[in-house]
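>>> with the input below, show me the fold.
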Amino acid sequence: MARHDESTGRRNGLFTDPDFGRDESWPDAPEPSWLSELSDGDEDTGSTPAYDLGSDTESVVVDLTGPQPTMTTPPAEALTERYPEPYSEPYADPYSEPFPETQSRHAAPEAAPPAAAAAPEPPPPTPYVPIVRHEPVHDWNIPPVPAADGDGAESLTAATVLRNRRARPQTGWRRRVLTLTGGKVNFGLSPEDRRRAAQLASARTPVQGSHRVAIISLKGGVGKTTTTAALGSMFANLRGDRVIAVDANPDRGTLGERVVRESGATIRHLLHAREQVQRYGDVRAFTSQSPTRLEVLASDSDPGASSALSERDYIDTLDTLERFYNLVLTDCGTGLLHDAMRGVLGLASSIVVVSSASLDGARSASATLDWLEAHGLDDLARNAVVVISSVRPGGGIVDVMQLEDHFASRCRAVVTIPYDRHLEAGGVLDLDELDEETVEAYRELAAAVGEGFARG
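Residues are numbered from 1 along each chain as shown. Model (predicted):
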């Protein structure tokens, strides 16, 4: 006897009649001879044997002597309704038909479809267009310098009346000889004295109108704020005009902590009152001044502030400050993508790129130059001054000369600042507390930046 599960038969698609196995109208057939052998003689089982497999098992009566049902394949629609893709096609025996002679059962799979087209390249970066402010050009009708000719009073000058005296040496053995002889023996300036004089002349290059220097870097912690404070102090110490350093960090900047605070005002306070600022004494109420006469305008450090310094804010600040200061240094925040940087770079006359004496610091500084070139600021990058700031004693294991050669091929000048304990403290900056070697390095930096003042 064979047993068929109705649900299994339906699931496998073998029966087309849902009532198959339950039709009781089939005619009885004569009992086959072999059934008599299976009977024990005590009980008559009828003409068709049946077996009860238990209460948990469904039993059906199957006549093995009558005609057997035929197996038919249900239509594809029936399978589609019962089974979703990929079983929408009727099952076909892969070996029911012979393979073509040219095809192997183990033939390689078909070639993969062609790869999708490459994604379009991103658009080029938007160039930073310099901000041009249409300022009126005044003709002051200034007369020329009186000529030293004729017989009048203008002919009496120091060059024509005073005896030609050799400049007094300031360093080295020449100075010692001059001192020991009571000023009677003067060998003139030493090579070091002439180099120092050239440095001072460069740092004191006259500024036409105003000059804006941006101190920038992609990486934080490389000495950017320290460079701003020290360079500004050196300029204020060497020059006779007014110098101010502005903290344009969109977050909490620390430039205001490098001088003794004389005012609690910030750049935000100046913006709110700029319409009332008419004289230098008015703007002086918003700044703090160091012993070198460098003035500092601090950034907004209010923890409740909800907006950072914007491009428009920076432009308005510069419009106010340039009425009273010839030289404006801007300590920029980390990175180049915040909104205020569009105003900083758009108005910058020159830039100083700061790097630490480390591999990651040098890469960030070089990437800063790459970024400037990619955004249409090639001239600023080419005429930049790079500062390599040593933040560790001994200089570490980095070959600083290799870094100097790398940046010298990309920009106008490179200056290395040695390690100094006073700078490491990060407090109020005092030039008198710096080592002589550090002071000389910042004097060289002021000369390198000052050479660009003549370019406007």
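>>> any low-confidence regions in the chain?
1-119, 122, 125-140, 148-150, 159, 163-164, 301-307, 394-396, 456 (pLDDT under 70).
>>> how is it carved up into domains?
166-203, 209-455 (automatic domain parsing).
>>> just the helices in the stretch 151-300 of the chain please.
Here the stretch 151-300 of the chain has its helices, by DSSP state H, counting those that start in this stretch, at 158-161, 172-180, 191-203, 224-238, 267-273, 280-284.
>>> make CSV out of the ones you listed and add mean neighbour count and distance to residue 143.
From N, CA and C alone the C-beta is placed, and that goes for glycine too. Formatted as CSV, the helices of the stretch 151-300 of the chain follow (neighbours: other CB atoms under 10 Å; distance: least, CB to CB, whole Å):
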stretch, mean neighbour count, distance to residue 143
helix 158-161, 7, 21
helix 172-180, 14, 41
helix 191-203, 15, 26
helix 224-238, 25, 30
helix 267-273, 17, 38
helix 280-284, 14, 27
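>>> and of these, who's closest to residue 403?
For residue 403, the closest of these is helix 224-238, at 15.8 Å, according to CB to CB.
>>> now do the closest one: which elements does it pack against?
With contacts taken as 3 or more CB pairs under 8 Å, 6 or more residues apart in numbering; DSSP states H and E, helix 224-238 sits against helix 191-203, strand 211-216, strand 243-248, strand 295-297, strand 327-332, strand 350-356, strand 385-389, helix 436-450.
>>> give me that answer again for 6 Å
If you count contacts as 3 or more CB pairs under 6 Å, 6 or more residues apart in numbering; DSSP states H and E, helix 224-238 packs onto strand 211-216, strand 243-248, strand 327-332, helix 436-450.
>>> what's the angle between that helix and helix 191-203?
Between helix 224-238 and helix 191-203, the angle comes out at 100 degrees (axes from the mean of the first three to the mean of the last three CA atoms, to 10 degrees).
>>> what does helix 224-238 contact?
With contact meaning CB atoms under 6 Å, 6 or more residues apart in numbering, helix 224-238 is reached by 203, 215, 217, 243, 245, 254-255, 258, 290, 292-294, 329, 331, 354, 387, 423, 429, 431, 442, 445-446.
>>> next one: phi and psi at residue 365?
Torsion angles at residue 365 (phi, psi; degrees, to the nearest 10) stand at phi -70, psi -40.
>>> near it, how many other residues are there?
28 (other CB atoms under 10 Å).
>>> ok, residue 216 next?
Residues within reach of residue 216, counting by other CB under 10 Å, total 26.
>>> for it, what are its contacts?
Residue 216 neighbours (CB under 6 Å, 6+ apart): 332, 351.
>>> quick one: buried residues of stretch 347-360?
For stretch 347-360, a neighbour-count test (16 or more other CB atoms under 10 Å) marks 347-358 as buried.
>>> okay, that stretch in CSV with CA atoms only?
Extracted C-alpha coordinates of stretch 347-360, given in CSV (Å, rounded to 0.1, in the frame of the first residue of the first chain):
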residue,chain,number,x,y,z
LEU,A,347,41.0,91.1,1.2
ALA,A,348,44.5,89.7,2.0
SER,A,349,47.4,91.7,0.6
SER,A,350,49.8,88.9,1.5
ILE,A,351,49.7,85.7,3.6
VAL,A,352,51.9,83.8,6.1
VAL,A,353,51.5,80.0,6.1
VAL,A,354,52.5,78.5,9.5
SER,A,355,53.9,74.9,9.8
SER,A,356,55.3,73.0,12.7
ALA,A,357,58.7,71.2,12.4
SER,A,358,56.9,67.9,11.9
LEU,A,359,55.9,65.7,9.0
ASP,A,360,52.1,66.2,9.4
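>>> quick one: contacts of that stretch?
So stretch 347-360 is contacted by 131, 211-217, 222-224, 227, 318, 361-362, 365, 368, 380, 384-391, 398, 400, 452 (CB under 6 Å, 6+ apart).
>>> what subset of these is buried?
Buried residues within the contacts of stretch 347-360, defined by neighbour count using 16+ other CB under 10 Å: 211-217, 222-224, 227, 318, 361-362, 365, 368, 380, 384-391, 398, 400, 452.
>>> for residue 211, list each beta-bridge partner.
residue 327 (DSSP bridges).
>>> for residue 413, give its distance to residue 403.
As judged by CB to CB, to the nearest Å, residue 413 and residue 403 stand 14 Å apart.
>>> looking at these two, which has the bigger crowd around it?
residue 403 (23 against 19).
>>> go through the strand or helix carrying that one and flag the buried ones.
Using DSSP states H and E, residue 403 sits in helix 400-408. Across helix 400-408, burial judged by 16+ other CB under 10 Å covers 400, 403, 407.
>>> same check on stretch 328-336?
Within stretch 328-336, the residues that count as buried by 16+ other CB under 10 Å are 328-334, 336.
>>> any idea how far the closest residue to residue 177 other than its chain neighbours is from residue 283?
Of all residues not flanking residue 177 in the chain, residue 185 sits nearest, at 5.5 Å (CB to CB, 6 or more residues apart in numbering). To residue 283, residue 185 is 51 Å away according to CB to CB.
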